[in-house]
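**Student:** Model the structure of this input:
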Amino acid sequence: MTLYPKLIIDALSTVRYPGTGKNLVEAGMVADNLRIDGMSVSFSLIFDKPTDPFMKSLVKSAEAAIHALVSPEVQVTIATESKQAPRPEVGKLLPQVKNIIGISSGKGGVGKSTVAANLAVSLAKLGYKVGLLDADIFGPSMPKMFEVEDARPYAEQKDGRELIIPVEKYGVKLLSIGFFVDPDQATLWRGGMASNALKQLIADADWGELDYFLLDLPPGTSDIHLTVVQTLALTGAIVVSTPQAVALADARKGINMFTNEKVNVPILGLVENMAWFTPAELPENKYYIFGREGAKRLAEEMGVPLLGQIPIVQSICEGGDSGKPVALDEDSVTGRAFLSLAAAMVRQVDRRNVEQAPTKIVEMNK
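**Tutor:** Numbers count the residues shown, from 1 in each chain. I've put the predicted structure just below:
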C-alpha cells in the first residue's frame, strides 16, 4: 500500500476537538510538518495551551482514526505543540515573589480567611507589595470579603503566554476560584481537578513583584496542601486557631503536617483568633468565651512563636460581610491587633531569611 498526504488528512478530518466541535483539520490543529516514509507517518497537533485537557485523548483518537481508515499497519508518530509558551518549571515559578506564606487551620470556623484577608491588608498598609490567593477551592470567601464578587479577571498576552490579571483592592492583588464559578452552586470537583485549578491560579497569573504572597488554604489537610507544597517553595506557614480545646487539637495536627519530614515547611507561628470578646462600648473589658490563652499554651508546648491574639468584636463580622476588612481602620482595637500581627510575621520572616542566608551562600559556592 502506498501512503500519501490526502489519506492521512481525510482520516484526521473525522476527529473532532471537544472544545469547539470542529474537526482537527478544520480547526487548523494539524501542523504543516506531515512526513511520510514508507508505512511511517509523523506530524504534530497544535493546541492553544500546553495544559489543554483534551491533548492526550486527541492524540490517541488521531492515531486510531489513521489505523481504522488508512491501515492498521501504519506506524504513527504524533508530537504536540502549543501556541502558548509553556508554563515555567515548578522550581522557577513566581521568580519576582520574595516570600510565600501559607495561612492554614486545623479545622473550619476559626476565622482563618478573616485573618488572611486582614493580614494582607495590614501588610499593604505597612508599605509592602502583597498578593493573596484564595486557595480554598471548595469554599472561596475572598471575593465577598473584599467586595469584588462581580469582578471577572481577564487574561493578557505576556512573554508568549496568556496570564490572568489579578483583581486589586485595598493595595492587595487578589485571585480566587470564586471569580470563575457560580457562587450559588457547589463546586463538585475531584481532587485532581481542584489541584489543577489551583496550579493555574498560581502559575498562569501575572502576580508581578511581591514582597509577600499569602495563600488562604482550606481547613484541615488535603490534596490542596500537598499541591501547594509540591508547586511552591513556601517561606513558612501560619496556623490559625481559637483558644477552644477542640480547635487546638486540630491546630496541633496542622502543625505536624507542615513539619512532617516529607513536607518540611517551617511554622512561622500561631495566631489565636477570637482570643476574647470585647464590647465596642466597653473596650477595656475582656470576656474569654472560647477559653483563655489556649493557643498561647500550645505555641509554648510545640516551640513555635505566638504571632498575635485577635479579639472578637462585632466589627470583624460586619467588615467581612460588607467587604471592608477591619484592618482598614488602624484606630480600632482589631485594626491595631492585625497591624501588630503583620509586624510580628515580618520579623519572623526576616529572622528565618537571615538564618538561611549562610546555607544559601554555601550552596552557591559549591
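**Student:** Run a quick check on Arg154 versus Leu163, I expect a contact.
**Tutor:** Heads up, residue 154 is Tyr, not Arg. No - taking CB atoms under 8 Å as the definition, Tyr154 is not a contact partner of Leu163, at 10.0 Å. Glycine gets a C-beta too; all of them are placed from N, C-alpha and C.
**Student:** Please identify which of these two sits among more neighbours.
**Tutor:** Leu163 (17 against 8; other CB atoms under 10 Å).
**Student:** count of neighbours near the closest residue to the more buried one other than its chain neighbours?
**Tutor:** Among residues not flanking Leu163 along the chain, Asp206 sits closest, at 4.1 Å (CB to CB, 6 or more residues apart in numbering). With neighbours defined by other CB under 10 Å, the count for Asp206 comes to 16.
**Student:** Angles on the backbone of Asp206, please.
**Tutor:** phi -90, psi 80 (degrees, to the nearest 10).
**Student:** Could you double-check that it sits in contact with Tyr154?
**Tutor:** No - contact criterion CB under 8 Å: Asp206 and Tyr154 do not qualify, at 10.8 Å.
**Student:** Which residues are in contact with each of these two?
**Tutor:** Ile164, Ile165 (CB atoms under 8 Å, 6 or more residues apart in numbering).
**Student:** Look up how far Ala299 lies from Leu306.
**Tutor:** According to CB to CB, to the nearest Å, Leu306 stands 4 Å off from Ala299.
**Student:** more crowded one of these two?
**Tutor:** Ala299 (23 against 17).
**Student:** Distance from the chain centre to the longest strand along the chain, please.
**Tutor:** Criterion DSSP state E: the longest strand present in the chain is strand 267-277. With CA atoms, centre = their mean, to the nearest Å as the basis, strand 267-277 stands 23 Å off its chain's centre.
**Student:** What is that strand packed up against?
**Tutor:** Using 3 or more CB pairs under 8 Å, 6 or more residues apart in numbering; DSSP states H and E, the elements in contact with strand 267-277 are helix 112-125, strand 236-241, helix 245-259, helix 294-302, strand 306-312, helix 333-365.
**Student:** Nearest to Phe213, out of the ones you listed?
**Tutor:** Smallest distance to Phe213 across the helices and strands packed on strand 267-277 (CB to CB): 9.7 Å, for helix 112-125.
**Student:** Show me what secondary structure element comes after the closest one.
**Tutor:** Counting by DSSP states H and E, the next helix or strand C-terminal to helix 112-125 is strand 130-134.
**Student:** Thanks a lot, see you next time.
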